[in-house]
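fold the following.
(chains A, B, C, D, E and F)
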There are 4 protein chains.
Amino acid sequence: MIPTTRRGQQTRAALVSAAADVFAEKQFLATNVADIASRAGTAHGTFYRYFDSKEEIFREVALDLQRRMRAHGAEDAAVEVPVFDAIEDELLWRITRANRRYLAAYQEHAALFAVIEQVATFNDELLAIRKEIRRGFVDHAHASIQRMQHEGLAFDDIDARYAASALGSMVDRFAYVWLVLHEPFELDEAARTLGLLWTRSLGLGARRAG
Amino acid sequence: MIPTTRRGQQTRAALVSAAADVFAEKQFLATNVADIASRAGTAHGTFYRYFDSKEEIFREVALDLQRRMRAHGAEDAAVEVPVFDAIEDELLWRITRANRRYLAAYQEHAALFAVIEQVATFNDELLAIRKEIRRGFVDHAHASIQRMQHEGLAFDDIDARYAASALGSMVDRFAYVWLVLHEPFELDEAARTLGLLWTRSLGLGARRAG
Amino acid sequence: MIPTTRRGQQTRAALVSAAADVFAEKQFLATNVADIASRAGTAHGTFYRYFDSKEEIFREVALDLQRRMRAHGAEDAAVEVPVFDAIEDELLWRITRANRRYLAAYQEHAALFAVIEQVATFNDELLAIRKEIRRGFVDHAHASIQRMQHEGLAFDDIDARYAASALGSMVDRFAYVWLVLHEPFELDEAARTLGLLWTRSLGLGARRAG
Amino acid sequence: MIPTTRRGQQTRAALVSAAADVFAEKQFLATNVADIASRAGTAHGTFYRYFDSKEEIFREVALDLQRRMRAHGAEDAAVEVPVFDAIEDELLWRITRANRRYLAAYQEHAALFAVIEQVATFNDELLAIRKEIRRGFVDHAHASIQRMQHEGLAFDDIDARYAASALGSMVDRFAYVWLVLHEPFELDEAARTLGLLWTRSLGLGARRAG
DNA sequence: TATGAATGAGGATTCATTCAT
DNA sequence: AATGAATGAATCCTCATTCAT
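Below is the predicted model of the structure:
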C-alpha cells in the first residue's frame, strides 16, 4: 500500500531501508518482521500497513537494487571513449569496463546480492527478479557477440546465445565466489582478467598474444 | 551414529536414500524430518537414532553426491585418448571431455545440486561442502593452466588462479542456468561451446580460427 | 456521539447505512470497521467520532430494523377489517395476516435478521434486542390467547404463556429456516399454513375441518 | 489423525472431552486452542497432532452430540406402549413422548446446543451438521403427518412438508428459548403443551376439546 | 532397535482502537 | 470535523527434537 501523506511516505521508506540493512545482515530466513519494524523504529503492526509479508518487502528491496544497478550503468555510459589504434583494443576496453562496472556494483551490494541469491532458491517471484537482473547483462552480450560475428570480428563457429550465457555466468559467478564466498581476488586484476578471457574466447584479441 | 547390526544399517541406508529423494523433490526448507522418516518407512523418532538433525542427514546426502561425482570422474579417466596431430587438438579434446563430464553429472543430479546450492546460502557447513565439490574442478584447472603457461601453450599475461576460478565458474554456473533455471540448452553443443571458449580464452586454439 | 452540524449528521447516517449493507453482506465477524468506513466514503478514524465500537453501530443498525418493523406493523394495522360470518373466520384472518406480516418483514431483511441472530449468540446486549424484537410478537400473542380463552374461543387446558412462546417460536423459526437456511417455501402458502396450525392448535378452527 | 496406541487414544479422548467442556463454558469464539489443550492436560502442540484446527475438534464434539442424541432416541423407542381407548389418545401419547425426549436431550446438553447454534451462524460445515440434527426430527414428522392424512386422522388441507417444518421449528425453538435464553418453563408442562398444540393443529385431538 | 506420542519455542498476521495533524 | 497513520495485544499453527514404552 502506498501512503499519501509525507509522514506515511517517511515511515514506508524507513521500513524499506531498515529491511535492506537487516536482510543484508541476517539474510532472509533469520530476518523476521519484528526485526525490520524495530530497526525502522515503528510498531510491529505498522509494517503490515505497507507490506503484506516479509516476501513483499524483500521484493521491493530487490527491485530497488535492480533499479539502482540500471541507473549506475546508464550514468557510466556517459564516460568518454578514448581513441584506439585497433578496433580490438576498443572492444577489449569496452568489455573490461562493463565487467568492471558489474563487479563494482556487486562489490558495493554484495550482502544484498547474496540474500537475493538465497531467496531466489526458494521463491519463484524473486527468482524471476534475479533472472531479470542477469538478463540485462546477458542480452546485451548476446547482441554484441552477434554483431561482432557479422562484422568478422568474432569466431562464428559458436552459438552467440550459448556464448553470451556462458560468459555472463563467468562474470556473475566470479563475483559471487569472490564477494560472497570470499575467495581472495582484487577488483582491477579481476576486471582485466575477465576482459581478456572474454575477448580472447571470442577471438577478438587473437593476434595480440600470437 | 553408525549402526552395528545389519538391520540398523538397512534402516540408516533407507533414511539416506529417502532423504535424497525428498530433498530433491521439496528442497531443503520445505522438507521436514517426518517426510523423510515416512518415506523411508520408519517411525519419526527412529530418524534421531541415526542423525542428530536435518542438517546432518543433508550433509550425508551431499557428501554421497560428491563421492559419486569423484568416482564418476575417475572411471571416466580410464577412457583411451585418441592420437592427435597437434597438442592443441588434444587439449581441446581433454577440456571438452572434462566439461562434458561435469555437465552430465550436473544433469543427472540437477535437483540435488539445486538444493545444495540453496542450503549453501544459509548453512556454513554445507557451504564448505559446496566449495569442496567446486574445488576439485577448479584446482585441477588451476594446475593445468599453470602447466600450459610454463610450456608456452597458454597466454602467460593472466593469473592462472583468476582464470581457473573464472572458467570454473563459467561451466558451473552455465550448468545451473541450464538445468536449474531451465534456460534451454543442449548437452553436446554446450560442451563444445564451453570447450572452445575455454581453450581460446587461454590461447590454446588461437591459430585454429585465424 | 450525536453530531450537531448538518455535515456531521450526514456522515453519521452514511456510516449507519454502510454498516447495514456490510453487515448484511459479510455478517458480523467478517465485517471490520475499515470496511464500514470505506463503504461510507469516510476515513477509518472518522468512524470513532460517532461510534465507540463495532458493537455499538451494530446495535444502532439492529434498533433501526426493530423500529422499522414496528412501524410496518402499525401502518399495516390501519388496513380495514372485512366482515365475517363467524368470529373464527375473523380470528383466522387476523392471525394469518399478522404472520404474513412477520414473514414478509423477515423476507425483506433476511440477511440482517441472520446477522442479528448470529450476534445475539455472543453479545448479551444484542441478545436483549433480539428478544425485544421477538417479544412484541409473543406478548401480543399471549394477550390474545388469554382473551380468547376467557371468551371461550380457545381451549383453556393449556397455559397461554407456553402456547404463545411455542407458537411465536414456530413462526419465527419457520422464517429462519426458510429465509436463512434456504429451505424452499413460498410466502402465501406459508402464511396460510401457519395461520391454520395456529388457530387449530388453539381450538379456534376446530369445527371447521371436522 | 487417529492414534494407534492406547496412550494416544486417551490423549485424543481427553482433548475431545476438554473441548466439549470449554466450548460449553466459553462458547466457540472465546475458546482458544490453548484453553482446550491445558484443560486436557497436554501441551499446546499436542492438540495439533490430532486436530487440524479449532473448527475440526468442534465438529467432532458436535458429531458426538448428534450420535448420542440418536442413540438416546433408539433406546427410548424400546419403551412399552400402553393400551389406549382411541387412536387419537395413542398419537398424543407418542408425540408428547417424542417431544419430551427432544426437550430432555436439549436440556441435558443445552450449553453445547447453544454453541452449535452459534457456530452454525458462521461456519457452513457446522450449519450442515446442525441441519442434520434437525432433519432427523423433521423428516420423521413429515412422514407421520402424511400417513395420518392418508388415514383420515389429520386435516388434509395443509401441506405436510410445511407443517412438519413449522411444528419441528416450534419444538426446536421452544427448547432454545427455554434453555438458552432462559425463559422460565418446566419440562413436563412444556412437553404436554407442545404435544397438545401439535396434535390439535393437525386435527388429531379435534373432538377432545369440543 | 523401533515406535509414535509429547513438547514448546517461535513467528506471522489481524484489526479494533488511539493519536497527531 | 475529518483524516489516515500508528499501535500492540492476541492467537493460530508448525515442526525440530525429546521422551516413554
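
now do the same for the nearest residue to A:Glu55 once chain neighbours are set aside: its pLDDT.
Nearest-residue entry for A:Glu55: A:Asn123, 6.4 Å, with adjacent residues in sequence omitted and distances by CB to CB, 6 or more residues apart in numbering or on different chains. Where you see a C-beta, it was placed from the backbone N, CA and C, and this is true even at glycine. We have a pLDDT of 85 for A:Asn123.

gap between A:Asn123 and A:Val115?
A:Asn123 is 11 Å from A:Val115, where distance means CB to CB, to the nearest Å.

between these two, tell me which one has more neighbours.
A:Val115 (29 against 17; other CB atoms under 10 Å in any protein chain shown).

does A:Val81 belong to a helix, a strand or coil?
coil (DSSP: H, G, I helix; E, B strand; the rest coil).

how about stretch A:43-52: buried residues?
For stretch A:43-52, the neighbour count (16 or more other CB atoms under 10 Å in any protein chain shown) marks A:46-47, A:50-51 as buried.

quick one: mean pLDDT over that stretch.
For stretch A:43-52, mean pLDDT rounds to 92.

residues making contact with that stretch?
With contact meaning CB atoms under 8 Å, 6 or more residues apart in numbering or on different chains, stretch A:43-52 is reached by A:1, A:3, A:11-12, A:15, A:33-34, A:36-38, A:40, A:57, A:60.

which of those residues are buried? Put it as a ChimeraX command.
Here is the ChimeraX command that picks out the buried ones among the contacts of stretch A:43-52, judged by 16+ other CB under 10 Å:
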select /A:11,12,15,33,36,37,40,57,60
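
dump the worst-scoring helix or strand of chain A on mean pLDDT to CSV, restricted to CA.
Every helix and strand in chain A was compared by mean pLDDT, DSSP states H and E; the lowest is helix A:54-77, with a mean of 83. C-alpha atoms of helix A:54-77 as CSV (Å, rounded to 0.1, in the frame of the first residue of the first chain):
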residue,chain,number,x,y,z
LYS,A,54,8.3,-10.3,4.5
GLU,A,55,8.4,-11.6,0.9
GLU,A,56,6.8,-8.4,-0.4
ILE,A,57,9.2,-6.0,1.3
PHE,A,58,12.1,-8.2,0.1
ARG,A,59,10.8,-7.9,-3.4
GLU,A,60,10.8,-4.1,-3.0
VAL,A,61,14.4,-4.1,-1.7
ALA,A,62,15.5,-6.3,-4.6
LEU,A,63,13.8,-4.2,-7.2
ASP,A,64,15.4,-1.1,-5.7
LEU,A,65,18.8,-2.7,-6.1
GLN,A,66,17.9,-3.7,-9.7
ARG,A,67,16.8,-0.1,-10.4
ARG,A,68,20.0,1.3,-8.9
MET,A,69,22.1,-1.0,-10.9
ARG,A,70,20.5,0.1,-14.1
ALA,A,71,20.9,3.7,-13.2
HIS,A,72,24.5,3.0,-12.4
GLY,A,73,25.1,1.5,-15.8
ALA,A,74,23.4,4.4,-17.6
GLU,A,75,25.3,7.2,-15.9
ASP,A,76,28.5,5.3,-16.5
ALA,A,77,27.7,5.1,-20.2
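
which other helices and strands does that helix contact?
Applying 3 or more CB pairs under 8 Å, 6 or more residues apart in numbering or on different chains; DSSP states H and E, one finds that helix A:54-77 makes contact with helix A:6-26, helix A:33-40, helix A:87-108, helix A:110-120, helix A:124-150.

for the last one, name the packing helices and strands.
So the one you mean is helix A:124-150. helix A:54-77, helix A:87-108, helix A:110-120, helix A:160-179.

hmm, the longest one touching DNA strand E?
Pointing back at helix A:54-77 there. Yes - Helix A:54-77 is in contact with DNA strand E by CB under 7 Å from any atom of the strand, via A:Lys54.
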